[in-house]
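Undergrad: let's see this in three dimensions:
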Amino acid sequence: MSKENNSRKNSYRRGPKPATPERLERAALHYLERYASSAENLRRVLMRRVYRSAELHGTDAAAGEKAVSDLIDRYRRAGLLDDKAYATARAAGLHRQGKSARAIRQTLSLKGVEEDTVTAALEELREEVGSETDLAAAVNYARRRRIGPWRPEENREPNRERDLAALGRQGFSYDIARRVIEAGTPDDLDWEDAY
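TA: Reported below is the predicted structural model:
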């Protein structure tokens, strides 16, 4: 009995299995079922597995890299990976969360989306929302955090600098932050148009 328990414990401690093309494909499909991803981000995820496997099991990292590249190319042709669709959807989601265009650009760049694709996604968002996407995002952020016109009147002036700083940390310009924080009521911001 104790020998059986030891073997079970050891099986958990063995670490990851060798990264074969079949295992990499299963890992990629599992990842894509759970998360939307850019091609470069999926490549990074799979290459971490390849390097870990090469370190622990002595597998060939170059062969793993080729398998990952082939997999990414096949998924692109099949439509499972589409950086343009990913960037557009992710930009819209980040905008709804109250992220500035600068923060959206940075997030997408960190995920490995090419600069021209990021620019196209932001342009599409600007067409959808209107010319003042940062104002709309700042209004969404202020509403969610209950700052500016959503803060009780007696607490607004003592927290003015803190609220401006919070919007600044989110990547909004001083002018936009000031417009949001100094608005008397939410209606002064035309916040209905912010969605």
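
Undergrad: ok, Asn159 touching Arg145?
TA: No - applying C-beta atoms under 8 Å, one finds Asn159 not in contact with Arg145, separated by 10.9 Å. Where C-beta positions appear, they are placed from N, C-alpha and C, glycine not excepted.

Undergrad: how about the contacts made by the residue nearest in space to the middle of the chain?
TA: Centroid-nearest residue in the chain: Thr107, 5.7 Å away (criterion: C-alpha atoms, centre = their mean). Residues in contact with Thr107 (C-beta atoms under 8 Å, 6 or more residues apart in numbering) are Arg90, Leu94, Lys99.

Undergrad: so what's the residue count around the first one?
TA: Applying the criterion other C-beta atoms under 10 Å, we find 20 residues in the vicinity of Arg90.

Undergrad: over to the last one?
TA: The local packing count at Lys99 equals 23, with neighbours defined by other C-beta under 10 Å.

Undergrad: find the helix or strand that it is a member of.
TA: Using DSSP states H and E, Lys99 sits in no helix or strand.

Undergrad: what's the closest non-adjacent residue to it?
TA: Once flanking residues are discounted, Lys99 sits nearest to Ala137: 5.9 Å by C-beta to C-beta, 6 or more residues apart in numbering.

Undergrad: which elements pack onto the host helix or strand of the one you found?
TA: Using DSSP H and E, Ala137 sits within helix 133-145. Counting contacts by 3 or more C-beta pairs under 8 Å, 6 or more residues apart in numbering; DSSP states H and E, helix 133-145 packs against helix 83-96, helix 101-110, helix 115-129, helix 160-169, helix 174-181.

Undergrad: output these in CSV; the columns should cover mean pLDDT and distance to Ala63.
TA: As requested, the helices and strands packed on helix 133-145 are exported to CSV (pLDDT from 0 to 100; distance: least, C-beta to C-beta, whole Å):
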stretch, mean pLDDT, distance to Ala63
helix 83-96, 96, 26
helix 101-110, 96, 28
helix 115-129, 95, 30
helix 160-169, 96, 45
helix 174-181, 95, 51
